[in-house]
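>>> here is a sequence together with a model predicted from it:
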Amino acid sequence: MASGKFITFEGIDGAGKSTHIPFVTDLLRQRGLAVVATREPGGTDLGERLRELVLHHKMHLETEALLMFASRREHLAQVIEPALARGDWVISDRFTDATFAYQGGGRKLALDKLDSLEQWVHPHLQPDLTLLFDVPLEVARARLDAERTLDKFEQEKADFFANTRAEYLRRAAQFPQRFRLIDSTRPIPVIQEELRAIVAAL
Ligand SMILES: Nc1ncnc2c1ncn2[C@@H]1O[C@H](COP(=O)(O)OP(=O)(O)OP(=O)(O)O)[C@@H](O)[C@H]1O
Ligand SMILES: Cc1cn([C@H]2C[C@H](O)[C@@H](COP(=O)(O)O)O2)c(=O)[nH]c1=O
C-alpha cells in the first residue's frame with residue numbers, strides 16, 4: 001500500500017500558513033492522493049473543546065503545555081495515526097514544533113520538559129515535512145490587526161513573538177532534513193510556486 005506523508009504547517013500568528021493549506025491540499029488531491037487536513041490545538045471533538053480553553057482562558061504555563069499535548073494525544077489516536085495507517089496524507093495546521101515555539105520560546109517553559117512530553121506522546125512519529133512560514137513580527141501583526149478579534153496568544157506582546165519566532169528558527173536549524181523555511185513576506189502567488197515545487201519533489 002502507498003504510504004502517506006505527514007506534513008505540518010508552522011509559523012507565528014499571521015505568518016500566512018492557513019492561507020496556503022487549501023492550496024497544498026488541492027495540489028495533493030489533484031494527484032489522486034487521499035488527504036486529511038486538520039489542525040492543532042483541535043482536530044477532534046475533545047481537542048476543539050481544549051482549543052477553546054487554551055485560546056481564551058488564562059492558565060499556568062505548564063497547564064497550557066499539558067493541554068496542548070493532551071489535545072495532541074487525542075488527535076494522534078483518533079485522526080493522525082489512523083490516517084497514516086490507511087496510507088492517507090495528513091496536513092496539520094501546527095503540531096509539536098508549535099509547543100516548543102510558543103510554550104518553550106514564547107513562555108520560557110524549560111525545553112527538557114517539552115522533550116519529555118514529546119517522548120511520552122509521540123516517541124516514534126515526526127512530520128515528514130514541516131513548512132515554516134517566516135515573517136518579521138511587524139508584518140505578522142499588521143496582517144492580524146487587519147482582519148479579526150485577537151485570541152489570547154495573538155494579544156501577546158512583541159517580545160513573546162520575537163522569542164516564539166526565534167525558537168521556530170532554532171528548530172529549523174536543528175532539524176534541517178525536515179524543515180523548509182518559507183519567506184512569507186513575498187506575494188501569495190510566488191509562495192504558491194515554491195510550494196508547488198516542494199510538493200512535486202516529495
Ligand atoms: N504572502 C502574503 N501576502 C499578503 N498577505 C498575506 C500573505 N499571506 C497571508 N496573508 C494574509 O494575512 C492574513 C493572515 O494569514 P493567515 O490566516 O494565513 O495566517 P496564519 O499564519 O494562519 O495565522 P494564525 O496562525 O493566527 O491563524 C490573512 O488576511 C491573509 O490573507
Ligand atoms: C499547537 C499549538 C498552538 N499554540 C497556539 C498558536 C496559536 O496562537 C494558537 C492556534 O491558533 P491558529 O490560529 O489556529 O494557529 O495556539 C500554542 O501555543 N501551542 C501549541 O502547541
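Yes, it's here. Keep in mind that what you see is a predicted model, and the values were worked out from it rather than measured. Ligands and ions are numbered 1, 2, ... in the order given.

>>> does ligand 1 sit close to the longest helix belonging to the chain?
Longest helix in the chain, counting residues (DSSP state H): helix 158-174. No - counting by C-beta under 6 Å from any ligand atom, ligand 1 is not contacted by helix 158-174; separation bottoms out at 10.9 Å. C-beta coordinates here come from the backbone N, C-alpha and C atoms, glycine included.

>>> return the set of buried residues in that helix.
F160, F161, N163, T164, R165, E167, Y168, L169, R171, A172 (16 or more other C-beta atoms under 10 Å).

>>> who's in contact with the closest residue to the fourth one other than its chain neighbours?
Which is T164. With sequence-adjacent residues excluded and distances taken as C-beta to C-beta, 6 or more residues apart in numbering, T164 is closest to G106, at 4.1 Å. By C-beta atoms under 8 Å, 6 or more residues apart in numbering, the residues touching G106 are F153, E156, F160, F161, N163, T164, E167.

>>> tell me the phi and psi of the closest residue to the last one other than its chain neighbours?
The reference is to E167. Nearest residue to E167, sequence neighbours excluded (C-beta to C-beta, 6+ apart): G105, at 2.6 Å. Dihedral angles of G105 (phi, psi; degrees, to the nearest 10) stand at phi -70, psi -60.

>>> how far is the longest helix of the chain from where the chain is centred?
13 Å (C-alpha atoms, centre = their mean, to the nearest Å).

>>> does it reach ligand 2?
No - using C-beta under 6 Å from any ligand atom, we find that helix 158-174 stays clear of ligand 2, coming within 8.2 Å at best.

>>> please name every helix or strand in contact with that helix.
Helix 158-174 is packed against strand 129-134, helix 137-145, strand 179-183, with contacts defined by 3 or more C-beta pairs under 8 Å, 6 or more residues apart in numbering; DSSP states H and E.

>>> looking at these, which is buried most?
strand 129-134 (a mean of 22; mean count of other C-beta atoms under 10 Å).

>>> helices or strands next to that strand in the packing?
Secondary elements touching strand 129-134 (3+ C-beta pairs under 8 Å, 6+ apart): strand 6-10, helix 17-30, helix 158-174, strand 179-183, helix 188-201.

>>> tell me what angle the third one forms with strand 179-183.
Interaxial angle of helix 158-174 relative to strand 179-183 (axes from the mean of the first three to the mean of the last three C-alpha atoms, to 10 degrees): 130 degrees.
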